[in-house]
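A.B. asks: can't give you the sequence, but here's the structure:
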């Protein structure tokens, strides 16, 4: 089980969340009504919160302390969530080892000067005379 899956596990009852966040049960239920957190439910219909839910409640509390109203909090959280997903979608830069291996493969596949390399411009800066 990876770390993200563990953060999503519903573990905490509302009493524990009250102690962790400093919020009252009434405030937590209010934020749930507004869709800011969606705790899981046990078979007995008890709310069970995950680490992610606890972090979100702390974030909501901090935003309200900054003076935002509920609509402002919803908007900010939605914007932050979109920024997270776009950051995850961005391609990751290849490591130096990956670039080296790609260049090596390209040189082995194209002996001689027949084809142009996609790295040709990058390599030129290392070999030009200053």
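C.D. replies: That came through, no problem. Remember, predicted model here, so these are calculated numbers, not experimental data.
A.B. asks: Show me which helix or strand of the chain is least confident by mean pLDDT.
C.D. replies: The weakest-scoring helix or strand in the chain, judged by mean pLDDT, DSSP states H and E, is helix 120-127 (a mean of 55).
A.B. asks: Pass me the low-pLDDT residue ranges in this structure, would you?
C.D. replies: 87-92, 110-130 (pLDDT under 70).
A.B. asks: just so I have it, where are all the helices in the chain?
C.D. replies: 3-7, 14-21, 25-33, 51-65, 70-89, 96-109, 120-127 (DSSP state H).
A.B. asks: So the residue most central in space within the chain versus residue 99, what's the distance?
C.D. replies: What sits nearest the mean C-alpha location of the chain, by CA atoms, centre = their mean, is residue 84, with 4.6 Å. Distance of residue 84 to residue 99, given as CB to CB, to the nearest Å: 28 Å. In short, each C-beta sits where N, CA and C put it, glycine included.
A.B. asks: likewise residue 63?
C.D. replies: 42 Å.
A.B. asks: More neighbours: which of those two?
C.D. replies: Higher neighbour count among residue 63 and residue 99: residue 63, with 20 against 13, using other CB atoms under 10 Å.
A.B. asks: and the nearest residue to that one once chain neighbours are set aside, how many neighbours?
C.D. replies: Distance criterion CB to CB, 6 or more residues apart in numbering; nearest residue to residue 63, sequence neighbours excluded, is residue 73 at 4.6 Å. Residue 73 has 20 neighbouring residues, counting by other CB under 10 Å.
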